[in-house]
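*Asks:* Whatever this is, show me its structure:
(one chain, ligands or ions: 1)
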Amino acid sequence: MKGSFPIDKFEGLRTPFYYYDTYILARTLQAIVREVERYERFQVHYAIKANANPRLLSLIRQSGMGADCVSGGEIEAALKAGFPSGRIVYAGVGKADWEIDLALRNGIYCFNVESVPELEVIDQRAALQGRRAKVALRINPDVGAHTHANITTGLAENKFGIRMEDMEQVIARARELEHTEFIGLHFHIGSQILDMGDFVALCNRVNELQDRLEACQIRVEYINVGGGLGIDYAHPDRQSVPDFRSYFSTYATHLRLRPYQTLHFELGRSVVGQCGTLVARTLYVKQGAKKQFAILDAGMTELVRPALYQAYHKIENLSSELGMQTYDVVGPVCESSDVFGKAVDLNEVRRGDFIGIRSAGAYGEAMASQYNCRALPQAYLSEDFL
Ligand code: LLP
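*Replies:* A predicted model of the protein is given here:
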């Protein structure tokens, strides 16, 4: 056994697979609960998109969080895992009628609405069911985040949300509709954010918009600031639990919450990122003209983040204590972007060695594909090996 990986028990398992350390997950969940309890009116919804593994969902649900969903499938997964429907929020720029119907039928807490046409469709679908849908408007706050361009969402150029200039007008429309109840505002500026200053900028924007609402005598119960807290990809062991204290206290300090309001968060990556490792085996070590390659049996099909966002994941040889050598670590998929890392220092790699790609709990298994007719990866929890 190397580090905290029971690799002797990995023998005989089909690779690649996801390995989730439930001890890390439990510590992360405890840290969230502990920090949230300091503030009376904070509520966390787990962003299911980060990882919808049913066994993880069940552990997360037991911690008392609600769920943040972006599709009908995610609403079904949340309900199946036992998340109370009254703690489910539903966002997304393109909600289909059947998804809206499903959400209405199950009495979810709130739709985070991204456009006027969507608002009108929700009103019509709610009328058909004889219900009233609670809606919040997702406002594009035009706040940049210091993160990868593909995962910033709160800039004016992004497809998400309603323009700030249009806010009062869209609220007026929402209030005209008979089958919707306007309850608040929703925001999300991006993901993998480590600079608390970005969240401060969001708080300042929310404060401005709240002042505008008050100027029109509009009271809302619900403010949702989305997710986005990042994790330490470089040091998964040194910082296996993200700094939730700074995160929540930033909002407590900078966002002027009214006494009748609840502040909602939608955390994904920071909940599950560090507990997951993609475990692969080395198929071949190949000497190229200038470099040597470690060719794994896992590829971009199991973890697409390096190929899609040039994301860094720490890579470790779990089987070897030999001297360090430098490798390009690549997968078997027929794409040149199927590379997990270039010039990576690893304990000398031999065929059959287990390689761990760390911090892969968020947007790993959830984004796996079957490209090249590959099978979706299996997943194990640490407790399966006790
Ligand atoms: N709320 C909304 C409205 C979102 O769009 C997202 C993520 C979250 C919450 C959760 O954000 P988190 O706490 O996980 O940062 N696949 C990309 C990340 C995409 C994030 C999409 N939205 C990646 O692998 O980095």
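*Asks:* How far does stretch 71-89 stretch from one end to the other?
*Replies:* Here the two ends of stretch 71-89 are set 11 Å apart, with distance taken as C-alpha to C-alpha, to the nearest Å.
*Asks:* Pull out the buried positions in it.
*Replies:* Residues of stretch 71-89 classed as buried: 71-72, 74-75, 77-79, 81, 83, 85, 87-89 (neighbour count, 16 or more other C-beta atoms under 10 Å). C-beta: built from backbone N, CA, C; applies to glycine.
*Asks:* Sort out which of the residues you listed are in strands and list them.
*Replies:* Applying DSSP state E to those, the entries found in strands are Ile88, Val89.
*Asks:* For the buried residues of stretch 71-89, could you give me TSV that also reports pLDDT and distance to Arg34?
*Replies:* Below are these laid out as TSV (pLDDT from 0 to 100; distance: C-beta to C-beta, whole Å):
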residue	pLDDT	distance to Arg34
Ser71	98	31
Gly72	98	33
Glu74	98	27
Ile75	98	29
Ala77	98	27
Ala78	98	24
Leu79	98	27
Ala81	98	23
Phe83	98	21
Ser85	98	26
Arg87	98	19
Ile88	98	24
Val89	98	23
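*Asks:* so who does Gln30 touch?
*Replies:* When contacts are counted by C-beta atoms under 8 Å, 6 or more residues apart in numbering, Gln30 touches Ser63.
*Asks:* from the buried residues of stretch 71-89, which single one is nearest the ligand?
*Replies:* Proximity of those to the ligand (C-beta to the nearest ligand atom) peaks at Val89, which lies at 8.9 Å.
*Asks:* hey, what's that closest one bridged with?
*Replies:* Following DSSP bridges, Val89 is listed with bridge partners Asp68, Cys110.
*Asks:* show me where the stretch 51-200 of the chain has strands.
*Replies:* 66-69, 88-90, 110-113, 133-140, 162-163, 180-186 (DSSP state E, counting those that start in this stretch).
*Asks:* if we can go back for a sec, could you redo the buried residues of stretch 71-89 as a markdown table and give each row distance to Leu209?
*Replies:* Formatted as a markdown table, the buried residues of stretch 71-89 follow (distance: C-beta to C-beta, whole Å):
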| residue | distance to Leu209 |
| --- | --- |
| Ser71 | 27 |
| Gly72 | 30 |
| Glu74 | 27 |
| Ile75 | 28 |
| Ala77 | 32 |
| Ala78 | 28 |
| Leu79 | 32 |
| Ala81 | 33 |
| Phe83 | 29 |
| Ser85 | 28 |
| Arg87 | 25 |
| Ile88 | 25 |
| Val89 | 19 |
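*Asks:* Please list the members of the buried residues of stretch 71-89 that lie in helices.
*Replies:* Those of the buried residues of stretch 71-89 mapping onto helices are Gly72, Glu74, Ile75, Ala77, Ala78, Leu79, per DSSP state H.
*Asks:* Spit out the contact partners of the last one.
*Replies:* Taking C-beta under 8 Å, 6+ apart, we find Leu79 in contact with Ser85, Ile88, Asn106.
*Asks:* Correct me if wrong: the first one contacts Arg105.
*Replies:* Just to be clear, that refers to Ser85. No - using C-beta atoms under 8 Å, Ser85 is not in contact with Arg105, being 9.4 Å away.
*Asks:* residues from the stretch 1-150 of the chain in reach of the ligand?
*Replies:* Ala47, Ala50, Asp68, Ala91 (C-beta under 6 Å from any ligand atom).
*Asks:* What distance do you get for the third one to Ala133?
*Replies:* Taking C-beta to C-beta, to the nearest Å as the measure, Asp68 falls 17 Å from Ala133.
*Asks:* next one: the last one
*Replies:* In this structure, Ala91 and Ala133 are separated by 14 Å, where distance is defined by C-beta to C-beta.
*Asks:* near the ligand, which residues of the stretch 251-386 of the chain show up?
*Replies:* Close to the ligand, as judged by C-beta under 6 Å from any ligand atom, the stretch 251-386 of the chain has residues Glu266, Leu267, Gly268, Arg269, Ser270, Arg305, Tyr309, Ala362, Tyr363.
*Asks:* Could you give the bridge partners of the residue in the stretch 1-150 of the chain positioned nearest to the ligand?
*Replies:* Using C-beta to the nearest ligand atom, the closest approach of the stretch 1-150 of the chain to the ligand is made by Ala47 at 3.6 Å. Beta bridges link Ala47 to Asp68 when assigned by DSSP bridges.
*Asks:* got a pLDDT number for it?
*Replies:* Note on Ala47: pLDDT of 98.
*Asks:* burial count for it?
*Replies:* Look at Ala47: counted by other C-beta atoms under 10 Å, it has 29 neighbours.
*Asks:* same thing with Val113?
*Replies:* 29.
*Asks:* so who does it touch?
*Replies:* Each residue near Val113 by C-beta under 8 Å, 6+ apart is listed here: Leu119, Ile122, Val135, Ala136, Leu137, Arg138, Ile162, Ala174.
*Asks:* Sounds good, over and out.
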